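1. prediction below, plus the sequence it came from.
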Amino acid sequence: MRNLSLIIVIILFAAAGHAQTTTTPTTTPPAINTTPVVKSQMKDLRQDVRAYDNKKADAKQAINKGNLAAAKTDLAAAKADKQDIKADAKVLKSEGVAHPVKLADKEVKKIDEKDIKADVKDIKTDKTAEQKAVKSGDLAAAQADQKDLKADKKDLKKDIREARRDGVKHHVAHIK
């Protein structure tokens, strides 16, 4: 009886010791090829994705306005951009980049959100500068800050519009 309980205790300690050891992975994750050629091809792919999004949005606006001729030309341009995207994706896949179109879409959205964050930051600094100028009594500086604030708000609206075209839906929620 004592030998049986001793064997069970030894087995439990062996199982616990085995569970705590780490095993080295036999396969390493594939590294993304970040050569200058791949970077330039990814940049080209991002530009093609952005151009495709813009042409599709322009076509949608033209259709809503009733201008079917302009919509047709925009859709033809979007189709050409889509072919460029497919060709670039094929080349990047042969270079070892997994899911290049998805990656380019994510990068475009990240760039758009970064632009919006920069605009929001500029607006905040202009507001504080305007408030400081008003408190100090410098009206000329306050008016200049108001002009800067107005220009920054215009830039923010433009960037938000572009971000919507590229698929960023909750741009303001991400910024705060």
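-> That came through fine.
2. switch to C-alpha atoms for all contacts and neighbour counts from now on
-> OK.
3. could you pick out the longest helix of the protein?
-> Secondary structure of the chain per DSSP state H: the longest helix is helix 100-136.
4. pLDDT-wise, which helix or strand of this protein ranks last?
-> helix 171-175 (a mean of 58; mean pLDDT, DSSP states H and E).
5. any idea where the helices of the chain begin and end?
-> Using DSSP H, helices in the chain cover 2-20, 36-65, 68-95, 100-136, 139-165, 171-175.
6. in JSON lines, list those helices along with mean neighbour count.
-> As requested, the helices of the chain are exported to JSON lines (neighbours: other C-alpha atoms under 10 Å):
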{"stretch": "helix 2-20", "mean neighbour count": "10"}
{"stretch": "helix 36-65", "mean neighbour count": "18"}
{"stretch": "helix 68-95", "mean neighbour count": "17"}
{"stretch": "helix 100-136", "mean neighbour count": "17"}
{"stretch": "helix 139-165", "mean neighbour count": "17"}
{"stretch": "helix 171-175", "mean neighbour count": "12"}
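7. rank the ones you listed by pLDDT, which is bottom?
-> Among the helices of the chain, helix 171-175 carries the lowest mean pLDDT, a mean of 58.
8. counting contacts, what elements does the longest helix of the chain pack onto?
-> Packing partners of helix 100-136 (3 or more C-alpha pairs under 8 Å, 6 or more residues apart in numbering; DSSP states H and E): helix 36-65, helix 68-95, helix 139-165, helix 171-175.
9. tell me which of those lies nearest to Lys109.
-> Taking C-alpha to C-alpha, helix 139-165 is the member of those nearest to Lys109, at 7.0 Å.
10. tell me the angle that closest one makes with helix 100-136.
-> 160 degrees (axes from the mean of the first three to the mean of the last three C-alpha atoms, to 10 degrees).
11. gap between helix 139-165 and the chain center?
-> Remark: helix 139-165 is offset 22 Å from the chain centroid, using C-alpha atoms, centre = their mean, to the nearest Å.
12. domains of the chain?
-> Split into domains by automatic domain parsing, the chain comes to 33-98, 105-176.
13. output those domains in TSV; the columns should cover distance to Ile10.
-> Formatted as TSV, these follow (distance: least, C-alpha to C-alpha, whole Å):
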stretch	distance to Ile10
domain 33-98	48
domain 105-176	53
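14. between these, which one is nearest to Val9?
-> domain 33-98 (49.3 Å).
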